[in-house]
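Enquirer: got a predicted structure here, sequence first:
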Amino acid sequence: MSSVQQITVLGATGSIGLSTLDVIARHPERYRAFALTGFSRTEELYALCCKHKPSYAVLPDAASAQALERRLREQGLTTEVLHGEAGLCAVASHADVHAVMAAIVGAAGLPPTLAAVEAGKKILLANKEALVMSGALFMQAVKKSGSVLLPIDSEHNAIFQCLPVDYARGMAAVGVRRILLTASGGPFRQLPVDELENVSLAQACAHPNWSMGRKISIDSASMMNKGLELIEACWLFDVAPAQVEVVVHPQSVIHSLVDYVDGSVLAQLGNPDMRTPIANALAWPERIESGVAPLDLFTIARLDFQAPDEVRFPCLRLAREAAQAGGTAPAMLNAANEVAVGAFIEGHIRFTQIPAMIESVLQAEPVRAADSLDAVFSADRRARELAGHWLSRR
Ligand code: NAD
Ligand code: MG
C-alpha cells in the first residue's frame with residue numbers, strides 16, 4: 001500500500017459526505033477517495049465520481065449501478081459500481097481501505113458501518129443512529145476488532161478532544177465527572193409553545209447555525225438530535241445517562257465540555273463547520289488544515305447558556321428515558337423517530353405529533369435485551385410497524 005490513505009465515504013452525496021470530500025481534496029498527498037456511495041442522488045454521485053475518480057461507487061439497485069458504470073466508462077473512468085447493502089459492506093470492509101467515513105443517515109447505515117468495524121478499519125462515525133440502535137454490540141465489536149473509533153458529531157468530537165489523547169486507543173478516561181453536551185436549541189428555541197403545532201417543514205429545516213441534511217435538521221428542531229447524542233455519548237465515552245448534562249448554548253461556538261473531578265472543565269470551540277471534526281478525525285492524532293475560517297471571538301462577543309426545556313422539547317425526555325431503560329429501547333426510539341420524521345416531511349403529521357407518535361410506540365412494546373443484531377433489527381421493525389399503525393389509526 002502507498003502512504004496515501006484510502007478512504008471509503010458511505011453517504012458521499014450528503015452534507016457530511018461532501019464536507020469530507022472537501023477536506024480529502026485539500027490533501028491529495030495524504031488521502032484518496034477509494035469508494036463513494038449514494039442513494040437517490042445519482043447525478044450528484046456521477047459528478048463526484050468524475051471529480052474524485054474512486055475505485056468503487058455504490059448505488060441501491062443493480063439497474064442504476066449499471067447505468068452509472070456505463071456513463072463513467074464513457075468518461076474513460078474505471079470506477080466499478082456495486083449495489084445494495086452487499087455493495088456497501090464490500091467497500092466498507094475492502095482490504096485496501098484505511099478509514100471509513102460512516103455518513104449514511106439513519107438505521108440503513110448500521111450494516112456497512114458494522115462491516116467496517118469487524119474488518120478493523122478506522123471508523124469516522126457521523127451516523128449516530130447506528131450507535132444508538134446497537135450501542136453495546138457495536139462497542140463490543142470495536143473492542144474485538146481493535147478498530148479505532150473517532151466521533152464526527154461535533155459535540156462528541158469536542159468531548160473526544162477534551163479527553164486524554166490515548167482515549168481512542170482504548171485507555172479509560174479517568175476522573176471524568178460529567179459531560180456537558182451543548183445544544184443550539186434549534187430554530188424553535190424561542191417560538192411561543194402554542195405555535196409549535198403549526199410550524200412548517202421549511203421552518204423546521206432552517207437551523208440557525210448549521211447547514212445539514214433534512215433528517216438531522218428536523219431532529220435538531222425537535223431536540224431529538226440531542227437525545228440521540230446523549231445516548232451516543234454514553235456509548236462512546238462509557239458514562240451513565242445521568243452523567244450527561246445537556247446545556248443549551250445558542251451560539252454553537254463551544255461544541256461540548258468535559259467536567260473533571262478536580263473542577264477543571266475543558267471545552268473545544270470553533271466555528272460551526274463540520275470540516276473541523278472531519279479533519280480532526282481524518283488526521284488524528286495529527287492536525288491538518290480544514291478550510292474552516294479562524295474563530296473570531298471579538299465578533300462572537302458573548303456566549304450564553306440555558307437549561308433545556310423538556311416541556312417544549314419532549315423528545316429530549318423520551319431519549320433520556322430510553323437511555324435509562326437500555327436494551328432495545330433506544331433502537332425503538334430511533335426507528336419510531338425515523339418514521340415520525342418521514343411522516344412530518346410528507347405532511348402527514350404535525351411537528352408536535354413527532355414526540356406523540358414516538359411515545360405511543362415506546363409504551364406499546366416491552367423493552368427486550370439488545371444482545372444480538374437480530375434482536376436490534378426486530379425491535380427496529382416492530383417499532384416501524386407500530387408507528388405505521390399509529391399513523392393509520394389517527
Ligand atoms: P444527508 O441527508 O445530507 O445525507 C445522507 C447520505 O446518506 C446521502 O449520501 C444518502 O445518499 C445516503 N443515504 C440515505 N438513505 C440511504 C439508504 N437507505 N441507504 C444508503 N444510503 C442512504 O445527511 P447528513 O446531514 O450528511 O447526515 C449523515 C449522518 O451524519 C446522519 O446520521 C447525521 O445524524 C450525522 N451527522 C450529520 C451532521 C451534519 O452537520 N450534517 C452533524 C453530525 C452528525
Ligand atoms: Mg451534533
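Expert: Cool, got the structure. Ligands and ions are numbered 1, 2, ... in the order given.

Enquirer: around ligand 2, pick out the residues from the stretch 51-200 of the chain.
Expert: Contacts of the stretch 51-200 of the chain with ligand 2, taken as C-beta under 5 Å from the ion, map to D153, S154, E155. Yep, even glycine has a C-beta here, placed from its N, CA and C like the rest.

Enquirer: contact partners for the closest residue to ligand 2 within the chain?
Expert: With C-beta to the ion, the shortest gap between the chain and ligand 2 falls at D153, namely 4.2 Å. D153 makes contact with L125, A126, K128, E229, E232, P277 under the criterion C-beta atoms under 8 Å, 6 or more residues apart in numbering.

Enquirer: switch the cut-off to 10 Å
Expert: Counting by C-beta atoms under 10 Å, 6 or more residues apart in numbering, D153 touches 16, 125-128, 131, 159-160, 181, 216, 225, 228-229, 232-233, 236, 255-256, 274, 277.

Enquirer: thinking again about what came up before, nearest to ligand 1 among the residues of the stretch 51-200 of the chain next to ligand 2?
Expert: D153 (4.4 Å; C-beta to the nearest ligand atom).

Enquirer: residue at max distance from the center of the protein?
Expert: Residue farthest from the centre of the chain, counting by C-alpha atoms, centre = their mean, is E74 at 35.2 Å.

Enquirer: can you tell me how far that one sits from F34?
Expert: Distance, E74 to F34, by C-beta to C-beta, to the nearest Å: 22 Å.

Enquirer: assign the nearest residue to A206 once chain neighbours are set aside to one of the three secondary structure states.
Expert: With sequence-adjacent residues excluded and distances taken as C-beta to C-beta, 6 or more residues apart in numbering, A206 is closest to P187, at 5.3 Å. Of the three states, P187 takes coil according to DSSP: H, G, I helix; E, B strand; the rest coil.

Enquirer: tell me how many other residues crowd P187.
Expert: By other C-beta atoms under 10 Å, 19 other residues sit near P187.

Enquirer: again with R73
Expert: 12.

Enquirer: pretty sure it is touching Y46, no?
Expert: No: using C-beta atoms under 10 Å, R73 is not in contact with Y46; the gap is 12.0 Å.

Enquirer: quick one: common contacting residues for the two?
Expert: In contact with both R73 and Y46: T79, V81, using C-beta under 10 Å, 6+ apart.

Enquirer: and the contacts of D153 near ligand 1, which?
Expert: Contacts with ligand 1 are made by I16, A126, N127, K128, I216, M274 out of those, judged by C-beta under 6 Å from any ligand atom.

Enquirer: sorry, back to before: how near is the residue of the chain closest to ligand 2 to P60?
Expert: D153 is 25 Å from P60, by C-beta to C-beta.

Enquirer: tell me who's in contact with C234.
Expert: 131-132, 135, 179, 240-244, 323-324, 326, 330.

Enquirer: is it in a helix, a strand, or coil?
Expert: C234 ends up helix, using three-state DSSP.

Enquirer: now L88: how far from A141?
Expert: 17 Å.

Enquirer: the residue of the stretch 251-394 of the chain found nearest ligand 1: how many residues sit nearby?
Expert: Taking C-beta to the nearest ligand atom, ligand 1 has its nearest neighbour within the stretch 251-394 of the chain at M274, 4.6 Å off. A count of neighbours around M274, defined by other C-beta under 10 Å, yields 25.
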